[in-house]
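K.L.:
the following block contains a protein sequence and its predicted model.
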Amino acid sequence: MADIHSTALVSPGAELADGVIIGPYSIVGPQVKLHEGVHLMSHVVIAGVTEIGADTVVHPFASLGGAPQHVAYKGEETQLIIGARNVIREHVTMHTGTMMDHGVTRVGSDGLFMTASHVAHDCVVGDHVVFANNATLGGHVKVGDFVFLGGLSAVHQHTRIGRYAFTGGGAVITKDVIPYGSVWGNHAHLEGLNLVGLKRRGFSREAINNLRATYRLMFAPEGTFQERLEDVADTYAASPEVREIVEFIRADANRPLCMPSL
């Protein structure tokens with residue numbers, strides 16, 4: 001049975017699994033599905049066609065499943081799907097998708113979304129991410145697993161951020177960030193590799209050394225970028241981390257690649 005505070009407003013159509021806790025003054029819409037152990041602390045609003053995975057904790061004044069902030073949105077039934085074991089702090093906002101994309105905003109599992117961070121329509125966010133205070137995604141952004149977004153950072157719509165990347169506080173990210181990269185500034189430029197994050201996540205010394213050598217070769221002044229990319233792909237073909245970077249760069253993209261400053 002769900003535990004619903006007497007002041008909460010829960011629509012009859014909402015699906016509540018066993019162990020759900022809905023705190024004071026929270027509002028849950030008719031098309032909401034909450035899995036086992038979800039805890040809405042108080043003053044939380046869950047709207048739209050929204051699904052929240054097991055054991056996720058949502059702090060006061062968060063608003064999840066609201067309509068997209070997009071002038072072309074005309075009330076179509078779109079979705080927000082959030083994974084399990086997330087911590088969603090105060091004033092976080094996450095919106096449903098639009099029909100201009102696949103109609104779904106997806107957030108993975110085991111993430112920490114700090115105060116006032118924002119996930120816009122049609123974003124795809126991976127697992128184990130950390131969004132520091134006021135980190136903001138524009139629409140259609142793709143964020144890989146284990147990404148750290150610094151406080152007050154902002155990501156331009158349609159941008160990709162590869163796995164294990166790090167963005168500094170206040171960074172304005174208008175170009176794609178390679179996996180394992182570290183970017184800073186306004187507008188953000190590639191500063192190097194996220195070495196601190198890689199060490200914390202237990203990457204081997206060999207893997208880190210391969211990535212460092214790859215970075216030096218890929219962004220060296222000699223030759224064209226395409227020639228250097230081919231050299232990296234050939235030289236470090238046995239490294240899964242390097243292959244991930246090469247595949248990320250070669251993939252179709254809507255935004256240019258974030259590069260080091262001159």
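P.N.:
Here it is on my side, so go on.

K.L.:
okay, now the domains of this structure?
P.N.:
Here the domain parsing of the chain from automatic domain parsing is 3-140, 200-250.

K.L.:
now those in TSV, with mean neighbour count?
P.N.:
Just so you know, the C-beta spots here come from the backbone N, C-alpha and C atoms, and that holds for glycine as well. As requested, the domains of the chain are exported to TSV (neighbours: other CB atoms under 10 Å):
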stretch	mean neighbour count
domain 3-140	20
domain 200-250	15
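
K.L.:
mean pLDDT added to those domains, as CSV?
P.N.:
Shown next, in CSV, are those (pLDDT from 0 to 100):
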stretch, mean pLDDT
domain 3-140, 98
domain 200-250, 96
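
K.L.:
these into a markdown table, with extra columns for distance to Val183?
P.N.:
Converted to a markdown table, the domains of the chain look like this (distance: least, CB to CB, whole Å):
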| stretch | distance to Val183 |
| --- | --- |
| domain 3-140 | 13 |
| domain 200-250 | 13 |
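
K.L.:
and the ones you listed: which comes nearest Pro179?
P.N.:
Nearest to Pro179, of all the domains of the chain, is domain 200-250, at 5.0 Å by CB to CB.

K.L.:
what distance separates the start and the end of the closest one?
P.N.:
28 Å (CA to CA, to the nearest Å).

K.L.:
quick one: distance of it to the chain centre.
P.N.:
Put simply, domain 200-250 sits 24 Å off its chain's centre (CA atoms, centre = their mean, to the nearest Å).

K.L.:
equivalent analysis for stretch 16-36, please.
P.N.:
In terms of CA atoms, centre = their mean, the gap separating the centre of stretch 16-36 from the centre of its chain is 23 Å.

K.L.:
helices of the stretch 151-262 of the chain, residue ranges please.
P.N.:
With DSSP state H, counting those that start in this stretch as the criterion, the stretch 151-262 of the chain has helices at 195-200, 205-218, 225-235, 240-250.

K.L.:
want to throw the ones you listed into CSV with distance to Ala116?
P.N.:
Below are the helices of the stretch 151-262 of the chain laid out as CSV (distance: least, CB to CB, whole Å):
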stretch, distance to Ala116
helix 195-200, 23
helix 205-218, 33
helix 225-235, 37
helix 240-250, 29
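
K.L.:
for Leu16, find the nearest of those.
P.N.:
helix 195-200 (36.7 Å).

K.L.:
other SSEs contacting that closest one?
P.N.:
With contacts defined as 3 or more CB pairs under 8 Å, 6 or more residues apart in numbering; DSSP states H and E, the packing partners of helix 195-200 are helix 205-218.

K.L.:
and the helix it packs on, C-alpha only, in PDB?
P.N.:
In PDB, the C-alpha atoms belonging to helix 205-218 read as follows (Å, rounded to 0.1, in the frame of the first residue of the first chain):
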ATOM      1  CA  ARG A 205      46.600   3.300 -15.500                       C
ATOM      2  CA  GLU A 206      46.900   1.800 -19.000                       C
ATOM      3  CA  ALA A 207      43.400   3.100 -20.000                       C
ATOM      4  CA  ILE A 208      44.200   6.600 -18.700                       C
ATOM      5  CA  ASN A 209      47.700   6.600 -20.400                       C
ATOM      6  CA  ASN A 210      46.000   5.600 -23.700                       C
ATOM      7  CA  LEU A 211      43.500   8.400 -23.400                       C
ATOM      8  CA  ARG A 212      46.200  10.900 -22.600                       C
ATOM      9  CA  ALA A 213      48.200   9.800 -25.600                       C
ATOM     10  CA  THR A 214      45.100   9.900 -27.800                       C
ATOM     11  CA  TYR A 215      44.300  13.500 -26.700                       C
ATOM     12  CA  ARG A 216      47.800  14.700 -27.500                       C
ATOM     13  CA  LEU A 217      47.800  13.100 -30.900                       C
ATOM     14  CA  MET A 218      44.200  14.100 -31.800                       C
END
